[in-house]
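Novice: Pasting the sequence and the predicted coordinates here, then a few questions.
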Amino acid sequence: MLVLLFILFGGLAVGCAINVVAQRNPLYCAISLIGVFASLACLYLMLAAPFIAAVQIIVYAGAIMVLVVFVIMLLNVEQEEKRNFRMGFLVPAAVVLAAVLIGEVAFFLSTVKANEPLQPTDVGLTTTIGTRLFTSYLLPFEITSILLLMAIVGAMTLARRSGLLPETARVVPGAQILASSEIDPLASHEHPRAVETHSTAEAARLLELPGVRKDSERE
């Protein structure tokens, strides 16, 4: 029974992995990758490692893939553009590496004794991992937490940057009729005039704002 389940989930993982690189639609690739993660979680369960299986589903098939799908939907990437394949050596290299991997798997399967009795072990259980994580591996765990905190702070810092526009400039969110004071609060109000613009660069050009125009043309 275990052999049949291993063949089922292993074949499903391999099939989904092939579909990841074969599909041209990024969304379908992401969905196939979720299938790979789910199949690996089932294999971990067969190996009596429920904690690793739960992490595989929650972290990889859950959080990371939600982020990937969100980015794909945000960028509105429908299909990969067809380009000329220049690095032709990658195809035979991939075939050779795949043959080496299959040879290694065949070697391991041929050397494992099928009739050897399995010894009970507590490796992979939630209790064992939790005990080791907060005793023997407490320092690496805390260092990892600090690294994740630094990554979050760095992402927030990058997100708060104003970009190429100066602090006094305001981005035009669409077709608006704005006065020069709305674009540049420091501009002169002696000759107020309203213009209809569709972008910051167009507003800067029509309102003759040199500082804003220079930064807007870089967009």
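Specialist: That came in fine, so what should we check first? Numbering: from 1, shown residues only.
Novice: Residue 31 and residue 58, how far apart?
Specialist: Between residue 31 and residue 58 the distance is 18 Å, computed by Cβ to Cβ, to the nearest Å. In this view, the C-beta of every residue, glycine as well, is placed from N, C-alpha and C.
Novice: what about the two, which has more around it?
Specialist: The neighbour comparison of residue 31 against residue 58 (other Cβ atoms under 10 Å) goes to residue 31, with 16 against 12.
Novice: any idea of the pLDDT on the more buried one?
Specialist: We have a pLDDT of 90 for residue 31.
Novice: And this protein, what are its domain boundaries?
Specialist: When the chain is parsed with automatic domain parsing, its domains come out as 1-79+122-127, 176-216.
Novice: Mean pLDDT lowest where, among the ones you listed?
Specialist: domain 176-216 (a mean of 57).
Novice: Might you report the residue contacts of residue 108?
Specialist: Residue 108 makes no contacts at all, as judged by Cβ atoms under 8 Å, 6 or more residues apart in numbering.
Novice: list the buried ones in the stretch of helix or strand it belongs to?
Specialist: Assessed by DSSP states H and E, residue 108 sits inside helix 90-111. Buried residues in helix 90-111, counted by 16 or more other Cβ atoms under 10 Å: none are found.
Novice: Could you give the number of residues near residue 34?
Specialist: Residue 34 has 20 neighbours, counted by other Cβ under 10 Å.
Novice: residues in contact with it?
Specialist: Applying Cβ under 8 Å, 6+ apart, the residues near residue 34 are 61, 65.
Novice: That one - that's part of a helix, no?
Specialist: Yes. With DSSP: H, G, I helix; E, B strand; the rest coil as the criterion, residue 34 is part of a helix.
Novice: by contact count, what packs against the helix or strand harbouring residue 53?
Specialist: Here residue 53, judged by DSSP H and E, is contained in helix 50-55. Packing contacts for helix 50-55, counted by 3 or more Cβ pairs under 8 Å, 6 or more residues apart in numbering; DSSP states H and E, involve helix 26-46, helix 126-133.
Novice: quick one, which of those is packed in tightest?
Specialist: Stretch with highest mean neighbour count among the helices and strands packed on helix 50-55: helix 26-46 (a mean of 18; mean count of other Cβ atoms under 10 Å).
Novice: ok, and the closest non-adjacent residue to residue 6?
Specialist: Among residues not flanking residue 6 along the chain, residue 46 sits closest, at 6.4 Å (Cβ to Cβ, 6 or more residues apart in numbering).
Novice: Over to residue 43?
Specialist: In space, residue 43 is closest to residue 9, 5.3 Å off (Cβ to Cβ, 6+ apart).
Novice: Contacts for the helix holding residue 53, please.
Specialist: Residues external to helix 50-55 that are found in contact with it (Cβ under 8 Å, 6+ apart): 41, 42, 44, 45, 124, 125, 126, 129.
Novice: where do the strands sit along this structure?
Specialist: Ranges of strands in the chain, per DSSP state E, are 176-179, 194-197.
Novice: Between which two of the contacts of helix 50-55 is the distance greatest?
Specialist: For the contacts of helix 50-55, the farthest-apart pair by Cβ to Cβ is 42 and 129; their separation is 19.1 Å.
Novice: So what's the residue count around residue 64?
Specialist: Neighbourhood size, residue 64 [other Cβ under 10 Å]: 14.
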